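Asks: Below: sequence and its predicted model.
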Number of protein chains: 2
Amino acid sequence: MSELLQAMDLLRKVFDRYAGKDGDGKSLSKGELGDLLCNELCEGKAVKEKDVERFFADLNNDKDTVIDFHEYITFVAALTALRNEHP
Amino acid sequence: MSELLQAMDLLRKVFDRYAGKDGDGKSLSKGELGDLLCNELCEGKAVKEKDVERFFADLNNDKDTVIDFHEYITFVAALTALRNEHP
């Protein structure tokens, strides 16, 4: 499998791991987003509740109660572009 | 390193590999995009010139002569979301 397809599958795998913790397994609740941020981006350091709230509000484009896969991928794309500009 | 960070680095690595073939190494020419599509998404099968042209036009949001990293990542995000809907 090509590296691009591997990267895409890895993004999917990470989403499923956190989305599956509670609820429908197809979207991220606030708590699941907090866990993802903590473990995947902050090396296990706790993320402040207000920061999770802010992230959740920023990512939640359709203003429902969860972060769906498309909102997650849009967030990852923005983060990847940001990391590119500030390595 | 977390799997999310690994996936982001992998996306960066793939871009650099093709962007570095000619020109400035910071963006994808039409030829480099064709190579990326062929090797990363079509298992090495040649991609028709007209399809590369169409992809290039669709991805090239700022209508310059290259695909920059941001345009590439937006494409990858859309493709990843599409693969999610049609596994």
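Replies: Perfect, thanks for sending it.
Asks: ok, and the closest non-adjacent residue to the most centrally placed residue in chain A?
Replies: Nearest to the geometric centre of chain A sits residue A:72, at 4.8 Å (C-alpha atoms, centre = their mean). Of all residues not flanking residue A:72 in the chain, residue A:15 sits nearest, at 5.4 Å (C-beta to C-beta, 6 or more residues apart in numbering or on different chains). Where C-beta positions appear, they are placed from N, C-alpha and C, glycine not excepted.
Asks: What strand or helix carries that neighbour?
Replies: Secondary structure from DSSP states H and E places residue A:15 in helix A:3-19.
Asks: Show me what the helix or strand just after that helix is packed against.
Replies: Per DSSP H and E, the first helix or strand lying C-terminal to helix A:3-19 is helix A:30-36. Applying 3 or more C-beta pairs under 8 Å, 6 or more residues apart in numbering or on different chains; DSSP states H and E, we find helix A:30-36 packed against helix A:3-19, helix A:49-59.
Asks: Please work out which of those helices is packed deepest.
Replies: helix A:3-19 (a mean of 19; mean count of other C-beta atoms under 10 Å in any protein chain shown).
Asks: Mind checking the pLDDT average for that helix?
Replies: The pLDDT scores in helix A:3-19 average 95.
Asks: Hey, what's the angle from that helix to helix B:3-19? Just curious.
Replies: Per axes from the mean of the first three to the mean of the last three C-alpha atoms, to 10 degrees, the angle that helix A:3-19 makes with helix B:3-19 is 160 degrees.
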